[in-house]
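Chemist: Build me a model from this:
(one chain, ligands or ions: 1)
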Amino acid sequence: MKSIVEAKNLVAGYGQRVLIRNLSFSIPSPAFIAVIGHNGAGKTTLFRAFQGKIDYQGQLLVQGQNLRHLSNPSGKGLIAYLPQKNVINFPIKVHDLIVMGLFRKKRFFENYSAEDYTLAAQTLEQLQLSHLIDHDFTTLSGGEQQLVWLAQLMLQDAGINLLDEPTQQLDIYYKNQVFALLQNWVQQSGKTVLCITHDLQNLTHMQGYLLNLSKPAPVLEPISSQTVQENLTFLEAGRHPVL
Ligand SMILES: Nc1ncnc2c1ncn2[C@@H]1O[C@H](COP(=O)(O)OP(=O)(O)OP(=O)(O)O)[C@@H](O)[C@H]1O
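Modeler: Predicted structure coming up:
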């Protein structure tokens with residue numbers, strides 16, 4: 001069976017500083033993967049490799065195809081990426097920002113239709129944010145902004161989604177809501193979600209895998225209360241400085 005996402009002997013870092021050493025994993029079907037590890041362990045670096053933003057050795061494959069040989073994977077809807085921070089410093093209505101998630105379906109300068117705005121509104125509703133639809137995005141709280149970016153990413157409708165700490169600024173209620181939503185997205189819509197997170201306590205009820213990049217030889221570990229606890233204990237015990 002073809003993997004959705006595969007890393008083969010991946011080596012990546014910055015100059016002499018190797019952060020990812022010989023990482024291999026294979027995700028056999030649409031799944032949720034929590035990418036965990038200490039600060040500086042190389043989680044965002046792994047995502048940068050997937051985006052072709054840094055040089056790496058080894059192979060990254062999506063749906064059996066070598067990423068190096070794929071042109072414009074995000075334009076084709078293969079991969080979408082939600083960065084840790086996304087700054088906007090001009091006034092824009094929330095729905096105008098979310099609807100841009102549909103960019104793949106539009107030609108240059110083509111306007112978004114009423115139907116597009118309905119889709120944007122439905123996505124916002126899933127995140128219980130309908131009351132903010134007409135608000136200026138720049139006036140929202142950090143957590144609200146994070147949820148709006150998530151809505152835009154979901155509208156992109158890509159098969160593989162790389163989320164860099166999507167719950168970082170969220171309150172306890174929304175952290176649970178977002179993890180439940182992501183679980184549902186994977187199971188109902190067949191999406192694959194790789195999610196960098198430090199919120200291990202929220203993972204216990206998820207179905208999927210942990211990938212702990214702080215471990216000397218990281219592998220996919222099926223999520224259970226035992227594996228979450230074991231990884232928490234591992235991360236709390238200390239960290240090895242990366243030279
Ligand atoms: N462009 C760069 N040049 C040199 N070093 C870099 C560069 N970008 C990141 N690093 C370093 O690489 C290390 C890993 O960074 P990365 O962002 O992958 O960590 P992370 O696991 O995502 O951490 P966090 O949990 O803090 O977000 C960090 O120590 C960082 O300082």
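Chemist: what's in contact with stretch 39-59?
Modeler: Stretch 39-59 is contacted from outside by 6-14, 19-20, 22-24, 35-37, 60, 66-68, 79, 81, 84, 162, 164, 194, 196, 213-214, 242, using C-beta atoms under 8 Å, 6 or more residues apart in numbering. (C-beta placed from N, C-alpha, C; glycine too.)
Chemist: actually stretch 123-133, not the one I wrote
Modeler: With contacts defined as C-beta under 8 Å, 6+ apart, stretch 123-133 is touched by 93-95, 98, 101, 121, 140, 144, 147-148, 150-151, 154-155, 177-178, 181.
Chemist: and stretch 57-70, which residues are buried?
Modeler: Neighbour counts using 16 or more other C-beta atoms under 10 Å place Leu60, Leu61, Val62, Leu67, Leu70 of stretch 57-70 among the buried residues.
Chemist: quick one on the thing from earlier: give me the subset of the contacts of stretch 39-59 that also touch the ligand.
Modeler: By C-beta under 6 Å from any ligand atom, the members of the contacts of stretch 39-59 lying near the ligand are Tyr14, Leu19, Gly37.
Chemist: My guess is the second one contacts Ala12. True?
Modeler: Yes - assessed by C-beta atoms under 8 Å, Leu19 is found in contact with Ala12 at 6.5 Å.
Chemist: Give me the buried positions along stretch 132-141.
Modeler: With burial defined by 16+ other C-beta under 10 Å, the residues of stretch 132-141 counted as buried are Leu132, Ile133, Phe137, Leu140.
Chemist: need the contact list for the residue most central in space within the chain.
Modeler: What sits nearest the mean C-alpha location of the chain, by C-alpha atoms, centre = their mean, is Leu163, with 1.5 Å. Under the criterion of C-beta under 8 Å, 6+ apart, the neighbours of Leu163 are Leu82, Leu150, Leu153, Leu182, Val193, Leu194, Cys195, Ile196.
Chemist: element containing it?
Modeler: In this structure, Leu163 sits in strand 160-164 according to DSSP states H and E.
Chemist: Neighbouring strands of that strand in the sheet, and parallel or not?
Modeler: Sheet pairing of strand 160-164 (DSSP bridges) gives strand 79-82 (parallel), strand 192-196 (parallel).
Chemist: continuing past it, what's the next helix or strand?
Modeler: As assigned by DSSP H and E, the chain's next helix or strand after strand 160-164 is helix 172-189.
Chemist: got the CA positions of that next one in PDB?
Modeler: Presented in PDB, the C-alpha positions along helix 172-189 are these (Å, rounded to 0.1, in the frame of the first residue of the first chain):
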ATOM      1  CA  ILE A 172      -8.500  25.600  27.500                       C
ATOM      2  CA  TYR A 173     -11.900  25.300  25.800                       C
ATOM      3  CA  TYR A 174     -10.700  26.100  22.300                       C
ATOM      4  CA  LYS A 175      -7.600  23.800  22.600                       C
ATOM      5  CA  ASN A 176     -10.000  20.900  23.100                       C
ATOM      6  CA  GLN A 177     -12.400  22.100  20.400                       C
ATOM      7  CA  VAL A 178      -9.600  22.400  17.800                       C
ATOM      8  CA  PHE A 179      -8.100  19.000  18.500                       C
ATOM      9  CA  ALA A 180     -11.600  17.500  18.300                       C
ATOM     10  CA  LEU A 181     -12.200  19.400  15.000                       C
ATOM     11  CA  LEU A 182      -8.900  18.100  13.600                       C
ATOM     12  CA  GLN A 183      -9.700  14.600  14.600                       C
ATOM     13  CA  ASN A 184     -13.000  14.900  12.800                       C
ATOM     14  CA  TRP A 185     -11.400  16.400   9.800                       C
ATOM     15  CA  VAL A 186      -9.000  13.400   9.500                       C
ATOM     16  CA  GLN A 187     -11.800  10.900  10.000                       C
ATOM     17  CA  GLN A 188     -14.600  12.400   8.000                       C
ATOM     18  CA  SER A 189     -12.700  14.100   5.200                       C
END
